[in-house]
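Colleague: Turn this into a structure:
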Amino acid sequence: MKEHFKALTGLRAVAAIMVFLYHNRKYWRGWLPNFIIQNLNEFHVGVTLFFVLSGFLIAYTYQDNPCKLRKEYAKYLLVRLIRIFPVYLLILTISYYDNGFPATNIAFYNFTLLKGFSDKYNLESLPQSWSLTVELTFYLFAPLIYFFLKRHYNQAIAFLLALLSISLLVGYGWYYANGNPERWFYNWLFIFDCSFFGRCFEFFSGMLLAHLLLNNKSINKLYYFKHYTLLSAVFIMITIYGISLFEVDTFDQGTQHIGGLVLRNLLLPVFFSTLIYGLIKEDTFFKKILSTQVAILMGNASYLFYLVHIGYVNRKLYNYQWLGDRNFIFLWLISVAGYLLIEKPLYHYLKRWIQRM
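Modeller: Down below sits the predicted model:
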């Protein structure tokens, strides 16, 4: 399976590029046709692709093994934390040192990523880092979700619905108690757009695919059908277009409306999971491209690219150099260099230290 996963690493670069196009679409409104802008308005679904991939890889790698011993669960969490925090904290600290530290509570929320549970603070400092809170919340619950999934998928879905209900009860209970001025777990749109609890099906979709590949031989019968990669890509683009139909104008997003939110949160993850299945089972031209060394390197550097493509690093880069491609190439060069020189060696060093515990 390791050979097949090369393409999935390259797929992460595609997801990062989609998010880059989404965040820079506003600069192209003047000369790109409205139809293209309307679709770019929904390229935030690159984050959905990240979530589905994360669900698949975590389930395939760990299953429910961390649940069996408290020590193993602790080591699992530590390994996941060092995948997220070191470079994030480095960039955040440098930005604060350069621009000045904010109020103590805001700095604390950002350093701990607790900000991602608040509709008031989730876009503070490095705005894209709201999704890191979603990812970390998934890591926290992933082994338990897989435990229920292994027993029956209905139990896993019931568990996720229970988590969603609790998050809504906390947010709205807080609101009715004192107005919830900092908007923790509030309101429903924030929960379904920016929290793990409302977007859990994106992770679950990937986990279900991993579970079927690992434990259900009947899924191999699907291999007799062809063109999973091509068909899923077509349906992904159709779904993105479907989400864009809910936009009021080119300054709107379809996911700000219930119909678009349903398509993004429930239907699109199914097609992304099918795409992953196609990349694993089929030998296609798209798979060959994603399996090249360049694509794999970009996929490995995609987390750093995600952290620098907007926010502090991007703004500093604009002070020294600006290219017509919104510094797309420069940002990738910075990301690859940061991955090879900082992120990768630091991750492996810390991981070895954790494994010796």
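Colleague: This protein: strands as residue ranges?
Modeller: Counting by DSSP state E, the chain has no strands to list.
Colleague: list the contacts for Ile310?
Modeller: Under the criterion of Cβ atoms under 8 Å, 6 or more residues apart in numbering, the contact list for Ile310 reads His23, Pro127, Gln128. Using the backbone N, CA and C atoms, a C-beta is placed for each residue, glycine as well.
Colleague: give me that answer again for 6 Å
Modeller: For Ile310, the contacting residues are His23, taking Cβ atoms under 6 Å, 6 or more residues apart in numbering as the criterion.
Colleague: how close does it get to Asp252?
Modeller: With distances taken as Cβ to Cβ, to the nearest Å, Ile310 is found 20 Å from Asp252.
Colleague: just Lys316 next, same as before
Modeller: Applying Cβ to Cβ, the value for Lys316 to Asp252 is 31 Å.
Colleague: Also Tyr176?
Modeller: Applying Cβ to Cβ, the value for Tyr176 to Asp252 is 30 Å.
Colleague: Which one's more surrounded, the two?
Modeller: Each of Tyr176 and Asp252 has its neighbours counted (other Cβ atoms under 10 Å); Asp252 has more, 15 against 9.
Colleague: Kindly state the pLDDT recorded for the more buried one?
Modeller: According to the prediction, Asp252 has pLDDT 94.
Colleague: what does the one 10 residues further on give?
Modeller: As summarised for this prediction, Val262 has a pLDDT of 97.
Colleague: what's the answer for Tyr96, then?
Modeller: pLDDT at Tyr96 comes out at 95.
Colleague: and the gap between the closest residue to it other than its chain neighbours and Asn314?
Modeller: Nearest residue to Tyr96, sequence neighbours excluded (Cβ to Cβ, 6 or more residues apart in numbering): Ala107, at 6.9 Å. When distances are taken as Cβ to Cβ, Ala107 and Asn314 turn out to be 21 Å apart.
Colleague: and if you look at Trp188?
Modeller: 32 Å.
Colleague: higher neighbour count, the two?
Modeller: Per other Cβ under 10 Å, whichever of Trp188 and Asn314 has more neighbours is Asn314, with 19 against 15.
Colleague: Report pLDDT for the closest residue to that one other than its chain neighbours.
Modeller: Spatially, and ignoring its direct neighbours in sequence, Asn314 is nearest to Val308 (6.2 Å; Cβ to Cβ, 6+ apart). pLDDT, Val308: 96.
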